[in-house]
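Colleague: Quick one, fold the following:
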Amino acid sequence: MRSMTNLSFRPTRPTRGFTLIELVIVIVILGIVAAVAVPRFLDLRSQARTAQLQGVFTATQSATTIAFAACQLDAVCDPSLPADNSAATRVCPQASCAPGEFITTHYGYPNATEPGIVRMLIRQGVRFTGGGSQINLRSGEMTSNLNGCRVRYIRSNAPGERPQIDLFTSAC
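Modeller: Sure, this is the predicted structure:
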């Protein structure tokens with residue numbers, strides 16, 4: 001009688017690589033993952049632009065409040081006057097501008113110009129277009145042709161009236 005310890009197991013065919021069905025299953029799974037993940041990834045860019053713009057919107061609201069409060073506390077700034085080059089319409093909140101710089105105000109709120117609201121936001125990387133009574137603000141990374149993706153700042157028109165700040169995100 002032969003001993004069983006001498007018997008060895010030999011496969012009938014050598015196993016090399018994957019079978020065709022295994023490869024097809026992997027490809028189908030990768031296709032399903034790609035079909036779900038790619039649209040979500042593409043939508044993230046729009047969501048990121050919208051989030052950046054919401055940050056600009058909130059920063060603009062805060063800047064107008066800070067400037068108005070600084071104007072109220074400043075002995076020289078007069079919130080009842082429209083914008084001009086007199087010292088009565090200039091204010092500099094300590095954290096918002098460098099020594100010797102000032103923020104021009106229109107009825108106590110930042111004017112819609114570079115020495116106005118833009119000067120308060122420029123350190124956050126905000127870019128702008130326009131000027132005068134209305135200005136459009138964007139985050140520094142956004143392209144300038146996104147008209148439906150911006151913050152619009154319209155200066156106040158009367159004493160005690162807050163500036164109008166609008167958020168447009170339809171084309172982000």
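
Colleague: As a check, name the ranges of all helices in the chain.
Modeller: Along the chain, counting by DSSP state H, helices occupy 20-73, 119-121.

Colleague: Need the residue closest to the centroid of the protein.
Modeller: Gln52 (1.0 Å; CA atoms, centre = their mean).

Colleague: Quick check: beta-bridge partners of the nearest residue to it once chain neighbours are set aside?
Modeller: Once flanking residues are discounted, Gln52 sits nearest to Ser139: 4.0 Å by CB to CB, 6 or more residues apart in numbering. From N, CA and C alone the C-beta is placed, and that goes for glycine too. Counting by DSSP bridges, Ser139 forms beta bridges with Val126.

Colleague: Am I right that Ser139 is in contact with Gly125?
Modeller: Yes - under the criterion of CB atoms under 8 Å, Ser139 makes contact with Gly125 at 6.5 Å.

Colleague: Who has more neighbours out of the two?
Modeller: Ser139 (21 against 12; other CB atoms under 10 Å).

Colleague: ok, the residue nearest to Gln52 - contacts?
Modeller: Arg49, Gln52, Leu53, Gly55, Val56, Gly125, Val126, Arg127 (CB atoms under 8 Å, 6 or more residues apart in numbering).

Colleague: what about the second one, distance to Val76?
Modeller: Gln52 is 36 Å from Val76, where distance means CB to CB, to the nearest Å.

Colleague: re the thing from before, Ala171 is nearest to which of the helices of the chain?
Modeller: helix 20-73 (9.2 Å; CB to CB).
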